[in-house]
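Undergrad: Quick one, fold the following:
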Amino acid sequence: QVQLAESGGRLVQAGGSLRLTCTASGSTDSIVVMGWFRQAPGKEREFVSVVTWSGGSTYYTDSVKGRFTISRDSAKNILYLHMNSLKPEDTAAYYCAAAKWFSRTYYSPILYDYWGQGTQVTVSS
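TA: I've put the predicted structure just below:
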């Protein structure tokens, strides 16, 4: 089992920046890919960004490219999401996720085995 704990979400003005952190514990050797998803009220959970744990390959949804950066500290089992130029439409609960294998469907929540409880990001206009 892997436990994931997110932190860093808060209220921020449009144009501002935030850094989200996800700390993994437990059987972390089984992790192949980790990433971030988000869910706004009344909407489905959507892919934001993922990184392969060993190789460091990164993937982003189009709406955050150039504004968000995913990174990881493999030695400390920590995942980050650096968010710049935040927009009101970025408002959502952000969830950390981890999977035991990588697939071309990395953007699908179904792939992921473990989830954190989420951290709320609210961007005011």
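
Undergrad: residues in contact with the residue positioned nearest the centre of the chain?
TA: The residue lying closest to the centre of the chain (CA atoms, centre = their mean) is Trp36, at 1.8 Å. With contacts defined as CB atoms under 8 Å, 6 or more residues apart in numbering, the neighbours of Trp36 are Leu20, Cys22, Val48, Ser49, Val50, Ile70, Leu79, Leu81, Tyr94, Tyr95, Cys96, Ala97. Where C-beta positions appear, they are placed from N, C-alpha and C, glycine not excepted.

Undergrad: so the fifth one, which of the three states?
TA: Yep, that's Val50 we're talking about. Per DSSP: H, G, I helix; E, B strand; the rest coil, the secondary structure class of Val50 is strand.

Undergrad: Return the distance of the closest residue to it other than its chain neighbours relative to Tyr60.
TA: The shortest distance from Val50 to any residue that is not its chain neighbour, by CB to CB, 6 or more residues apart in numbering, is 3.0 Å, and that residue is Gly35. Using CB to CB, to the nearest Å, we find Gly35 at a distance of 10 Å from Tyr60.

Undergrad: give me the number of residues near Ser74?
TA: Other residues within reach of Ser74, judged by other CB atoms under 10 Å, total 15.

Undergrad: do the same with Tyr114
TA: Tyr114 is surrounded by 20 other residues when neighbours are defined as other CB under 10 Å.

Undergrad: Strands of the protein, residue ranges please.
TA: Remark: strands of the chain, listed N- to C-terminal, are 2-7, 11-13, 18-26, 33-39, 46-52, 58-60, 68-73, 78-83, 92-99, 114-115, 119-124; assignment by DSSP state E.

Undergrad: partners of the longest one in the sheet?
TA: What that stands for is strand 18-26. Strand 18-26 has these partner strands in its sheet, going by DSSP bridges: strand 2-7 (antiparallel), strand 78-83 (antiparallel).

Undergrad: hmm, back to that, who has more neighbours out of Gly35 and Tyr60?
TA: Just comparing Gly35 and Tyr60: by other CB under 10 Å the higher neighbour count belongs to Gly35, 28 against 20.

Undergrad: I'd say the more buried one and Phe47 touch.
TA: Yes: under the criterion of CB atoms under 8 Å, Gly35 makes contact with Phe47 at 7.3 Å.
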